[in-house]
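Participant: Mind looking at a prediction? Sequence and model below.
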Amino acid sequence: MASDRNDNPVLAVRGLETDFHIGRSVYHASNGVDLTIRRGECLCLVGESGSGKSVTAMSVMGLVPSPPGVIAGGRIGFKGEDLADAPDRRIRELRGGAVSHVFQDPLATLHPLFAVGDQIVEAIRAHQPLGKRAAEAKARDLLDLVRIPNAAQRMKALPHELSGGLRQRVSIAMALANDPELIIADEPTTALDVTVQAEVLRLLDTLRRERDTAVLFITHDFGVVSEIADRVAVMYAGRIVETGETAEILTRPAHPYTRMLIDCVPVMGEPERRLDAVPGRPPAVNRLPPGCAFADRCPRVQPDCREGEIPLETKRGSLEARCLHPLGPGEALAGGADPLEARP
Ligand SMILES: Nc1ncnc2c1ncn2[C@@H]1O[C@H](COP(=O)(O)OP(=O)(O)OP(=O)(O)O)[C@@H](O)[C@H]1O
Ligand code: SF4
Ligand SMILES: [Mg+2]
C-alpha cells in the first residue's frame, strides 16, 4: 500500500504545455507544468488570477476550449495512461467517472430545468449498469453523504430552489457519484460565504480522506490551503514556481513570490491584506521576459535573474523552487517582519 502510494501516483503531469492562439499571438497558459498527486492526497494549486490554474486543470480532462486552445506538449499520466494521447471516447469515459470536477459555480454543471435527484441519477447511470430504482437509492445516499437534510424531498428540488451552499453540496454528490479516483475542484468554495465555505471545505476534506481520493484543489486563498492541502504547487505566469509540503510552504517558503502571497492572507483585524495586494502585475504570457518571470516584482532581484531559464530545483526539505536567490528558512522579505512569526 505504502509503495503503491509512492510509486504509482494517480495523476502525473509532465511538461504540460497548453497554448491559446489569439490573432498572431500565442499565450502560453500552461508552460511546462509538472504535477504529481497520489491516492488520498490533496494538492492545492495556488496563484493569482490568470496564472494558469484553471487551464492546467482543464487540460487534464480535455476541457480546454479548442480553438483557440491547444495542448502543445507534455504528458498527462492518469494511473499510468497518457491522456494527452488518448482518444476522445476514452476521455469521455473517464470524465464524471474515474475523474470528476467541482467548479466554483454549481449552476455551470447543474441543468436549471431538471430536479437535482434526476441529474444525479443520470450521472450514475451514465457510468454504472444500475436500474432506475437502484440509481435513485444511490442518489439519495449521496445527498445524505454530503449532509443535505431531507435528502428524499430535496431530490425533487430544482437547482435554483436550493441555497448556494446546498447547491455546491449537490455538485459534490454528483462528483462522488461514480467513486472517482481523482477530484478536480476549481475554487469550489470561492462563491460561498465564509461559514458555508468552511463547512463545504470540511466536507470535501472528510470525504476524500474516507475514500482515499486524490484531489487537485485550485484556490487563490492561502487560508483555504492551510485547511485542506497536503502539498502545494504555486503557479506564476504559466509555470510552477514552488512546490512542497503545506506546513513547510506556509511557514518557510523559499520563493519570494510564495512569501508575498502568504503575507497577503487576511489576518483578523487586518482585512486589507489580500491576495491582489501583491504590488505590480504578472507579465503577459505571450511576451514572457528572459529569465525569471517574477523579476519585475521581486524585492530580491539580481542581474543574473534576467539572464536565462531558471529550473525548478530542490532547495531544502520538501521545497522545490524556481529561484536563484531563495529565502532562507523563515526569512522575511527585505523591509518586512515575518508575518507568521508576528501572529499571536
Ligand atoms: N478561453 C480562453 N481564450 C483565450 N485565452 C485564454 C482562455 N482561457 C484562458 N486563457 C489564457 O490563459 C491564461 C490563464 O487562465 P486561467 O483561467 O487558467 O487562469 P487562473 O489561474 O485560473 O485565474 P483565475 O484565478 O482568475 O481563475 C489567461 O491569462 C489567458 O491568457
Ligand atoms: S530568480 Fe531572482 S527575480 Fe526571480 S524570484 Fe528569485 S530572486 Fe526574485
Ligand atoms: Mg481559474
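Facilitator: Nice, thanks for sending it over. Since the model is a prediction, treat every value here as computed from it, not as a measurement. Ligands and ions are numbered 1, 2, ... in the order given.

Participant: residue ranges for the strands of the chain, please.
Facilitator: For the chain, the strands defined by DSSP state E cover 11-22, 25-37, 42-46, 69-78, 81-82, 99-102, 182-186, 214-219, 231-236, 239-245, 313-316, 319-321.

Participant: out of those strands, nearest to E331?
Facilitator: With CB to CB as the measure, strand 313-316 is the member of these nearest E331 (11.5 Å). For glycine as for every other residue, the C-beta is placed from the backbone atoms N, C-alpha and C.

Participant: Can you measure across stretch 99-109, start residue to end residue?
Facilitator: Start-to-end span of stretch 99-109 (CA to CA, to the nearest Å) is 15 Å.

Participant: Show me how far that stretch is from its chain's centre.
Facilitator: 12 Å (CA atoms, centre = their mean, to the nearest Å).

Participant: now do stretch 61-74
Facilitator: That offset, for stretch 61-74, works out to 18 Å (CA atoms, centre = their mean).

Participant: Check whether that stretch comes near ligand 1.
Facilitator: Yes. Contact of stretch 61-74 with ligand 1 (CB under 6 Å from any ligand atom) involves 65, 68.

Participant: And that stretch, end to end?
Facilitator: This stretch, stretch 61-74, spans 14 Å end to end (CA to CA).

Participant: For I37, give its distance to T251.
Facilitator: Taking CB to CB, to the nearest Å as the measure, I37 falls 22 Å from T251.

Participant: Quick check: pLDDT value at H28.
Facilitator: Note on H28: pLDDT of 97.

Participant: and if you look at D105?
Facilitator: Predicted confidence (pLDDT) for D105: 87.

Participant: Spit out the contact partners of A157.
Facilitator: 115-117 (CB atoms under 8 Å, 6 or more residues apart in numbering).

Participant: Now rank the residues you listed by neighbours and give me the top one.
Facilitator: Most neighbours among those, by other CB atoms under 10 Å: V116, with 28 neighbours.

Participant: That one contacts P159, correct?
Facilitator: Yes. With contact defined as CB atoms under 8 Å, V116 reaches P159; the gap is 6.1 Å.

Participant: any shared contact partners between the two?
Facilitator: By CB under 8 Å, 6+ apart, the residues touching both V116 and P159 are 110, 170.

Participant: Convert the longest helix along the chain to CSV, retaining C-alpha atoms only.
Facilitator: The helix spanning the most residues in the chain, taking DSSP state H as the definition, is helix 194-211. Extracted as CSV, the C-alpha positions of helix 194-211 are listed here (Å, rounded to 0.1, in the frame of the first residue of the first chain):
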residue,chain,number,x,y,z
VAL,A,194,-17.3,32.3,5.0
THR,A,195,-19.3,30.0,7.3
VAL,A,196,-20.7,27.9,4.4
GLN,A,197,-17.2,27.9,2.8
ALA,A,198,-15.7,26.3,6.0
GLU,A,199,-18.4,23.7,6.1
VAL,A,200,-18.0,22.7,2.4
LEU,A,201,-14.2,22.6,2.8
ARG,A,202,-14.5,20.3,5.8
LEU,A,203,-16.9,18.1,4.0
LEU,A,204,-14.6,17.7,1.0
ASP,A,205,-11.7,17.0,3.3
THR,A,206,-13.5,14.3,5.2
LEU,A,207,-14.9,12.6,2.1
ARG,A,208,-11.5,12.5,0.4
ARG,A,209,-9.9,11.0,3.5
GLU,A,210,-12.6,8.4,4.0
ARG,A,211,-12.5,7.4,0.3
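
Participant: That concludes my questions; thank you for your assistance.
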